[in-house]
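Undergrad: The following comprises the amino acid sequence and a computationally predicted model.
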Amino acid sequence: MPVSYFANFIDCAIELFSPLNTVLPKKVRVIAYNQRGYRGSTPLSQGELQLTDDRRRLTVEYANDLIEFLEYIVAKYALPRKPIVLGWSKGTNLLLALACPTFLPLELRNRALKVVSASIMYEAPGNAFGLTPTKDYTEAMSGPYPEHVTTEEEKKAITAQRFSNWISGFYKHENLTEESPIYGVDPVGFSADSLEKELLERSSEPALVPLGFHWGLSADAKERAELAKLAIEQTDLPIAMAWNGETAGYIVSAVKAGQALGAKVYKLDDKGNHLFFAHEPKKFIDGICKIATDLTGHTVG
């Protein structure tokens, strides 16, 4: 059973998934693609660069890109079964778009159902469920710019670095099983402390952060929450969520929202963070194969 990953973390290219290449089971094939704007992929339009294109329309277009990609690999490789699609971070928005019965035009969604056997939302952010940002996120992203920073490009670069530091941190949380969990605010470590510098540099795409913040299922939080609810509750396409115990609080808040809607939720590791697949590729792929097996009823891996 092939597993098709699409990488869509808003400031990283697919090279960050390369550690998986050395640990894949013989019967699992991983196929990744870079979304528009990332190196080697289709250049962005002026509307995308200037953030003037409608965010919902962009999401439909990106979902169409994903469907066309899946249609291509299914035809090219004559796959025995439809791929299992994993979306990471912001990429989980596209999985919600495919699963939700009302978001895409009917013809486009029907095309998706022909080439996707199941979806795995890996570390979805809270905004995918219309949630208010948690304190770990707001404190990491807020604050004045240094006095010497005057240009918009400099400000964008600082924002991208703040985001990278936040999302790649390790956090200690308390009372996660209770109604009012206490999310860690200050990271106790960072992925950059242990991952290879060359790997991070090779996969970094900080210029894509503004567009990553821009596109989405809706500008309205209540509508995003409703679309996510419909996506989780539908029965046309098996869907699950996966996360790690030391990821950012805003990610954990999405997990709890998914659980409340009845989503199948899997914790891959007690100590992993948002970049768990790069830190522990064997544990990651074993966990994902287990989820895929549960969703499809076919042994994966």
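TA: Received, thanks. Numbering: from 1, shown residues only.

Undergrad: Low-confidence regions, this structure specifically.
TA: 1-10 (pLDDT under 70).

Undergrad: List the contacts of Ser194.
TA: His279 (CB atoms under 8 Å, 6 or more residues apart in numbering). The way it works is simple: take the backbone N, C-alpha and C, and place the C-beta from them, glycine included.

Undergrad: how much space between it and Glu179?
TA: Distance, Ser194 to Glu179, by CB to CB, to the nearest Å: 34 Å.

Undergrad: Could you list the buried residues of stretch 113-124?
TA: Using 16 or more other CB atoms under 10 Å as the test for burial, stretch 113-124 gives 115-124.

Undergrad: repeat for stretch 100-110
TA: Buried residues in stretch 100-110, counted by 16+ other CB under 10 Å: 100, 103-104, 109.

Undergrad: CA atoms only for that stretch, dumped as CSV, please.
TA: The C-alpha trace of stretch 100-110 is given here as CSV (Å, rounded to 0.1, in the frame of the first residue of the first chain):
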residue,chain,number,x,y,z
CYS,A,100,-15.8,18.3,3.8
PRO,A,101,-18.9,17.6,1.7
THR,A,102,-19.7,21.3,1.1
PHE,A,103,-16.4,23.0,0.6
LEU,A,104,-15.3,21.9,-2.9
PRO,A,105,-17.4,21.8,-6.0
LEU,A,106,-19.1,18.4,-6.1
GLU,A,107,-17.3,17.3,-9.3
LEU,A,108,-13.9,18.1,-7.8
ARG,A,109,-14.6,16.3,-4.5
ASN,A,110,-15.8,13.3,-6.4
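
Undergrad: From the rest of the structure, what touches it?
TA: Contact with stretch 100-110 is made by 60, 63-64, 67, 96-98, 112, 217, 227-228, 230-231, 234, 236, as judged by CB under 8 Å, 6+ apart.

Undergrad: Would you mind giving the buried residues of stretch 113-124 as TSV with secondary structure and distance to Tyr250 added?
TA: Formatted as TSV, the buried residues of stretch 113-124 follow (DSSP: H, G, I helix; E, B strand; the rest coil; distance: CB to CB, whole Å):
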residue	secondary structure	distance to Tyr250
Val115	helix	31
Val116	coil	27
Ser117	coil	29
Ala118	strand	25
Ser119	strand	21
Ile120	strand	19
Met121	strand	14
Tyr122	strand	15
Glu123	coil	10
Ala124	coil	10
